[in-house]
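Novice: build me a model from this:
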Amino acid sequence: MKSKAAVTAFRLSVVLGTAWLVGCFISGCSSQQRASLSGEILKPGPERKAAPDFKLKDADGKEVHLADYRGKVVLLDFWATWCGPCRIEIPWFTELERKNKDKGFAVLGVSMDDEGWKVVKPFLTELKINYRVLLGNDEAAHDYGGLDALPTTFLIDRDGKIAAVHVGLTSRKDFEDGVEQLLKAPSKGDSGRVSLPALITGAR
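Specialist: Numbering: from 1, shown residues only. The predicted structure follows:
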């Protein structure tokens, strides 16, 4: 995983970025700024690219693939226990899971904590997280664009394609509206599925 210096610098960048975003939410942003920050508008179907598959383990040591969730709408959240904005968003995801799990929807959390399950498992209990959480690694981070900020959250449609990317603290309504729209949309099958080595550049 990353060196201590790199981790410290990364965490500082998250804190500074979060402060800016919180200020924007409090003082008010233009609709164009908000859309740019949160990715609140879903990408049109033809412009969506396939979400990279991964092989990560959950808290029970079971191997999980993103492909296991094909046919469902997935909210894929990369986060960490030390990330303040992540703590704000996680209860929203818990509620989305509760309300929509029987409608073909699933939340997957991917923890990027270097300390592993020893810090993640108590956090899951503390926040009463009701969805599946996996332990991330450098390969998964690379495949999803490098994860320059946490949280970074992807809305994935039933065909396994990226419909929206949310980097940093995002409004609850953006997530709720995006999930609702994707749940209403039918699957279009496997046609046009391609690999995606990096998502962030040009992903919005």
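Novice: need the strands for the chain, in chain order.
Specialist: 55-58, 63-65, 73-79, 105-111, 132-135, 152-156, 162-167 (DSSP state E).
Novice: state the mean pLDDT of the first one.
Specialist: In other words, strand 55-58. Averaged over strand 55-58, pLDDT sits at 98.
Novice: in its sheet, what does it sit against?
Specialist: Within its sheet, strand 55-58 is paired with strand 63-65 (antiparallel), strand 132-135 (antiparallel), according to DSSP bridges.
Novice: repeat that for the fourth one.
Specialist: Here strand 105-111 has these sheet partners by DSSP bridges: strand 73-79 (parallel), strand 132-135 (parallel).
Novice: wait, which of those is closest to G178?
Specialist: strand 73-79 (8.4 Å; C-beta to C-beta). No exception for glycine: its C-beta is placed from N, CA and C like everyone else's.
Novice: so the closest one versus strand 162-167, what angle?
Specialist: Using axes from the mean of the first three to the mean of the last three C-alpha atoms, to 10 degrees, the inter-axis angle of strand 73-79 relative to strand 162-167 is 20 degrees.
Novice: got a list of contacts for strand 73-79?
Specialist: Residues outside strand 73-79 that contact it (C-beta atoms under 8 Å, 6 or more residues apart in numbering) are 51, 66, 86, 89-90, 93, 96, 100, 104-112, 136, 141, 144, 147, 150-158, 175, 179, 182-183.
Novice: right, and A80 touches D113 too?
Specialist: Yes: using C-beta atoms under 8 Å, A80 is in contact with D113, at 5.1 Å.
Novice: more neighbours: which of those two?
Specialist: A80 (24 against 19; other C-beta atoms under 10 Å).
Novice: let's see the pLDDT reported for that one.
Specialist: 98.
Novice: just the buried ones from the contacts of strand 73-79?
Specialist: When the contacts of strand 73-79 are checked for burial by 16 or more other C-beta atoms under 10 Å, the buried set is 51, 66, 86, 89-90, 93, 96, 100, 105-112, 136, 141, 144, 147, 150-158, 175, 179, 182.
Novice: helices along the protein, start to end?
Specialist: 4-27, 31-38, 84-100, 117-126, 138-143, 172-184 (DSSP state H).
Novice: related to what we said a few turns ago, can you put the strands of the chain in TSV and add distance to E47?
Specialist: Putting the strands of the chain into TSV (distance: least, C-beta to C-beta, whole Å) gives the following:
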stretch	distance to E47
strand 55-58	27
strand 63-65	25
strand 73-79	18
strand 105-111	22
strand 132-135	27
strand 152-156	14
strand 162-167	10
